[in-house]
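# What would the 3D arrangement of this be:
(one chain, ligands or ions: 4)
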Amino acid sequence: MRLSRYFLPVTKETPADAQIVSHKLMLRAGLVRQTAAGIYAWLPLGLRVLKKIEQIVREEQDKAGAVELLMPTIQSADLWRQSGRYDAYGPEMLRLVDRHEREMLYGPTNEEMITTIFRDATKSYRDLPRTLYHIQWKFRDEVRPRFGVMRGREFLMKDAYSFDLDEEGLKQSYEAMFVAYLRTFARLGLQAVPVRAPTGPIGGDLSHEFHILAETGESQLFYDAAIDDVTREELLAADASTIARLTRLYAMEAEEHEKVAECPVPAERLRSRRGIEVGHIFAFGTKYSASMGFSIQTADGGQVHPQMGSYGIGVSRLMGAIIEASHDDNGIVWPDSVAPFQVGLINMRADDAACSAAADNIYKQLETAGVETLYDDRDERGGAKFATMDVIGLPWQLVIGPKGLEKGVVELKRRASGEREELSLETALARLT
Ligand code: ATP
Ligand code: MG
Ligand code: MG
Ligand code: MG
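Ligands and ions are numbered 1, 2, ... in the order given. Next up is the predicted model:
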């Protein structure tokens, strides 16, 4: 992509209400623009990152055996009356009325809808178990939208729903999602702490939240320091034994921690940190299948309400969480896995025909090799180009200037370490392709 043709409105100033670093950097790097309180437009660079996060989430859901579908954002109030949640949900639900005076709502979640869809198409025990998911926009009319996309009103969520014949099946579906979550967050370059969560109004008996450690997190966590010893490699290869190990280790949100009579972790091993909730899984049993009249014939001719679970990931919130976890004074430092482009190619002298011809040629080679490249071909000062590349945080910067070309070298900079190397063009391209 040529920057001269792109839409990348980077800025130096950020509004006063942008308090936390990820919010500031998302605005400065031209990733998003707020269009109303808690509602954001995703600009081209931000959209590329969002799609990458979404794709990693999708791949791990698929690997866990979940099946993707897409449900609408607008739902009918009647659906929610069946479960009894229409009145219970409160002012976080955005309620709408259509021209025929029918009550509608913008979905904050999809338990009712998926239960209906699956119920109406399911005949017998042979149709179970199934886990279905979608990645769709949600709306929650948060009292205080803040921290940019971290607590938006409109936000992108992956929500999965499992249906099993019995509690043992539900436990397996829950564990498969738990594994998928550990792998997903590790692939995103994040250390996520699974925290035993209260089940609250959604009911049921098993629930975990996944938190990214960051000073700006809205939750206060207490956990066993041994959790910090779990390595990224272990999480990438997570399986049932990883879950067994992790869930044995103590981790609670402050409110729950205070209720614990005697903390099982010795004081020197108890960590207190702030966390950002990026995922949440629930096993809630028959709450919706029972209230929405979903029963199924078992192998021995009996009838049961399927055991259900639901599993959310805040896809758009993750972008903020990744930036909180990975930035420096100059800007964002994207993990390779979600970087909007892998390489920022800088032509230091767009007014120099030979330098521009060389840079154009390198750009073509990178494109041909399938390396996602943002090519700064604008006629601007070198300093401004470096600052732009640093703030948008692409993993590599490849700098082409007349002096280097005379010596037959280009400069390659790794954004994360700041390390710069002068290399022959061939060596530099070999590194990047
Ligand atoms: P929170 O405690 O932050 O309000 P929640 O517990 O209400 O979140 P869930 O119902 O568990 O949220 O939804 C699943 C996931 O959706 C959350 O773990 C979070 O990552 C994401 N999410 C929830 N609310 C928002 C929001 N307002 N903006 C962005 N992401 C959100
Ligand atoms: Mg909430
Ligand atoms: Mg929560
Ligand atoms: Mg939650």
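
# hey, let's count contacts and neighbours off CA atoms from now on
Will do.

# where along the stretch 151-300 of the chain do the helices fall?
Taking DSSP state H, counting those that start in this stretch, the helices of the stretch 151-300 of the chain run over residues 167-187, 232-236, 240-248, 254-259, 287-291.

# For the stretch 201-350 of the chain, which residues are neighbours of ligand 1?
277-280, 312-314, 317 (C-alpha under 6 Å from any ligand atom).

# So of these, which two are at opposite extremes in space?
His280 and Arg317 (12.7 Å; C-alpha to C-alpha).

# thinking again about what came up before, I'd like the helices of the stretch 151-300 of the chain laid out as TSV, including mean neighbour count and mean pLDDT.
Shown next, in TSV, are the helices of the stretch 151-300 of the chain (neighbours: other C-alpha atoms under 10 Å; pLDDT from 0 to 100):
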stretch	mean neighbour count	mean pLDDT
helix 167-187	22	97
helix 232-236	16	95
helix 240-248	14	93
helix 254-259	14	92
helix 287-291	19	95
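
# Let me know which of these is the nearest to His211.
The minimum distance between His211 and the helices of the stretch 151-300 of the chain falls on helix 167-187, with 9.9 Å, by C-alpha to C-alpha.

# number of nearby residues for Ala88?
Neighbour count for Ala88, taken as other C-alpha atoms under 10 Å: 12.

# Same check on Thr14?
With neighbours defined by other C-alpha under 10 Å, the count for Thr14 comes to 14.

# Go ahead and confirm it touches Arg28.
Yes - between Thr14 and Arg28 there is a contact under C-alpha atoms under 8 Å: 6.8 Å.

# mind showing which ranges of this structure have poor pLDDT?
Residue ranges of the chain with pLDDT under 70: 199-204.

# Swap in 90 and give it another go.
13-17, 123, 197-205, 260-261 (pLDDT under 90).

# which stretch among the helices of the stretch 151-300 of the chain comes nearest His327?
helix 167-187 (17.2 Å).

# which other helices and strands contact that closest one?
Counting contacts by 3 or more C-alpha pairs under 8 Å, 6 or more residues apart in numbering; DSSP states H and E, helix 167-187 is packed against helix 44-63, strand 154-164, strand 192-196, helix 232-236, helix 240-248, strand 270-285, strand 307-314.

# how far is stretch 387-402 from where the chain is centred?
In terms of C-alpha atoms, centre = their mean, to the nearest Å, the centre of stretch 387-402 is set 25 Å apart from its chain centre.

# got it, and stretch 253-264?
Relative to its parent chain, stretch 253-264 has a centroid offset of 28 Å by C-alpha atoms, centre = their mean.

# and it, how far apart are its ends?
Start-to-end span of stretch 253-264 (C-alpha to C-alpha, to the nearest Å) is 15 Å.

# which residues are in contact with it?
Applying C-alpha atoms under 8 Å, 6 or more residues apart in numbering, the contact partners of stretch 253-264 are 195-198, 219-222, 250.

# swap the cut-off to 10 Å and go again
Stretch 253-264 has contacts (C-alpha atoms under 10 Å, 6 or more residues apart in numbering) with 195-198, 209, 211, 219-224, 249-252, 270, 272-275.

# partner residues bridging Val409?
Here Val409 sits in beta bridges with Ser424, as judged by DSSP bridges.

# could you measure Cys13 against ligand 1, distance?
Rather than Cys, residue 13 is Glu. 24 Å (C-alpha to the nearest ligand atom, to the nearest Å).

# If we ignore the residues flanking it in sequence, what's nearest that residue?
Once flanking residues are discounted, Glu13 sits nearest to Arg28: 7.1 Å by C-alpha to C-alpha, 6 or more residues apart in numbering.

# Count the neighbours of that neighbour for me.
Applying other C-alpha under 10 Å, we find 23 residues neighbouring Arg28.
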